[in-house]
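Trainee: got a structure for you, letters missing:
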């Protein structure tokens, strides 16, 4: 049995659940009429959210249909389309691309309801992003994106079900301010893992409270420099997850100590070859699942000094690395 299959089965057994399918959390908001069903069938989309006035007509289609009222739609928080954003006229000391990500918004309000209004080419990444953070999201899509969205939803639905707590290396005291929100956004973009707290947490050596002695408000005026200051205070040797070889990949790590899952979101719009990932802990087994790739295994796995490093040969829009100890 391949390592991929063995690990998928082991994870399912350890979690006490079968390695079954699950639907993606994001739902395609579809405003076209019933005559467009053939396009949805061709794309493999089996669940749609439609305006409430169209719901009765669509229920005869055989698809899973969710009615969305105008009030429901208006109550959802509109998100930016994920990807790389050009920022004309904005000077930067580095050539690092500006990533449009909604990760910190999902973390800040995990029970919220969200709405993506995506341009062509962004729907699959939006679905993967919402899935990564477990967000309740609708995706308004360009009809041309039906096929890539359907493929992504099918991939997400086939992933082994692994429910693990998020890993955090530091805490951010959320005062509700836009300044703190922007700081959290930069931490996500820098792959600095944090949890949001109401007051400083004794669990963490670094607690970021903007306005305090260690992190005065004036320092937060430059969010990028502020994130770099936090990184230096934490130190790279204390980070549970690092991604090498790309500035456009955001990772999310969950673990219970005996199992771990690394989710990788590629915001760059192009496949990445040979991405290197480092995870705290000695992991003896690994399997990879990459959207659009029939079979993937990690390579060059090495354990040293309390960390495991490995390579993902090819990363498309979204990938998952499942890790286990030898216990």
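Mentor: Right, received. Where do you want to start? Model, not experiment: these values are computed from the prediction.
Trainee: so residue 286, which of the three states?
Mentor: Per DSSP: H, G, I helix; E, B strand; the rest coil, the local secondary structure of residue 286 is strand.
Trainee: need the contact list for the residue nearest to it when sequence neighbours are not counted.
Mentor: Nearest non-adjacent residue to residue 286, counting by CB to CB, 6 or more residues apart in numbering: residue 298, 4.7 Å away. Quick note: C-beta positions are derived from backbone N, CA and C, even for glycine. For residue 298, the contact set (CB atoms under 8 Å, 6 or more residues apart in numbering) comprises 286-288, 310-313, 321.
Trainee: Residue 46 too?
Mentor: With contacts defined as CB under 8 Å, 6+ apart, residue 46 is in contact with 63-64, 153.
Trainee: cool, and residue 38?
Mentor: Taking CB under 8 Å, 6+ apart as the definition, residue 38 has no contacts.
Trainee: Quick check: it vs residue 230, distance?
Mentor: The gap separating residue 38 from residue 230 is 51 Å, by CB to CB, to the nearest Å.
Trainee: Show me the helices in the stretch 1-150 of the chain, by range?
Mentor: Secondary structure of the stretch 1-150 of the chain (DSSP state H, counting those that start in this stretch): helices at 3-15, 37-43, 55-58, 70-75, 103-108, 123-132, 146-158.
Trainee: How about the third one, which residues are buried there?
Mentor: Looking back up the chat, that one is helix 55-58. 55, 58 (16 or more other CB atoms under 10 Å).
Trainee: Mind checking the pLDDT average for it?
Mentor: Throughout helix 55-58, pLDDT has a mean value of 94.
Trainee: Could you do the fifth one as well?
Mentor: Model confidence over helix 103-108, given as mean pLDDT, is 96.
Trainee: by contact count, what packs against that helix?
Mentor: Counting contacts by 3 or more CB pairs under 8 Å, 6 or more residues apart in numbering; DSSP states H and E, helix 103-108 is packed against helix 123-132, helix 178-189.
Trainee: most tightly surrounded among those helices?
Mentor: Mean neighbour count (mean count of other CB atoms under 10 Å) peaks for helix 123-132 among the helices and strands packed on helix 103-108, with a mean of 27.
Trainee: Let me see the mean pLDDT of that one.
Mentor: Throughout helix 123-132, pLDDT has a mean value of 97.
Trainee: Run through who's touching it.
Mentor: Defining contact as CB under 8 Å, 6+ apart, one finds that helix 123-132 is touched by 24-26, 28, 79, 81-83, 101-103, 106, 114, 116, 118, 135-137, 139, 141-142, 145, 148-149, 151-153, 156, 252, 263, 265-267, 291, 317-318.
Trainee: What lies in contact with stretch 169-183?
Mentor: For stretch 169-183, the surrounding residues in contact (CB under 8 Å, 6+ apart) are 104-105, 108, 184, 187, 192-201, 203-211, 217, 220, 223, 226-227, 230, 234, 238-240.
Trainee: tell me the mean pLDDT over it?
Mentor: Averaged across stretch 169-183, pLDDT comes to 94.
Trainee: Any idea how far apart the tips of that stretch sit?
Mentor: 15 Å (CA to CA, to the nearest Å).
Trainee: any idea how far residue 179 lies from residue 279?
Mentor: Going from residue 179 to residue 279 by CB to CB gives 31 Å.
Trainee: Rebuild the helices of the stretch 1-150 of the chain as CSV, extending it with distance to residue 172.
Mentor: Listed next are these as CSV, based on distance: least, CB to CB, whole Å:
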stretch, distance to residue 172
helix 3-15, 29
helix 37-43, 39
helix 55-58, 41
helix 70-75, 27
helix 103-108, 9
helix 123-132, 19
helix 146-158, 28
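Trainee: Might you report the residue contacts of the closest residue to residue 292 other than its chain neighbours?
Mentor: Closest residue to residue 292 apart from its sequence neighbours, by CB to CB, 6+ apart: residue 316 at 4.6 Å. Counting by CB under 8 Å, 6+ apart, residue 316 touches 266, 271, 290-293.
Trainee: Apply 6 Å and report the result again.
Mentor: By CB atoms under 6 Å, 6 or more residues apart in numbering, the residues touching residue 316 are 271, 290-292.
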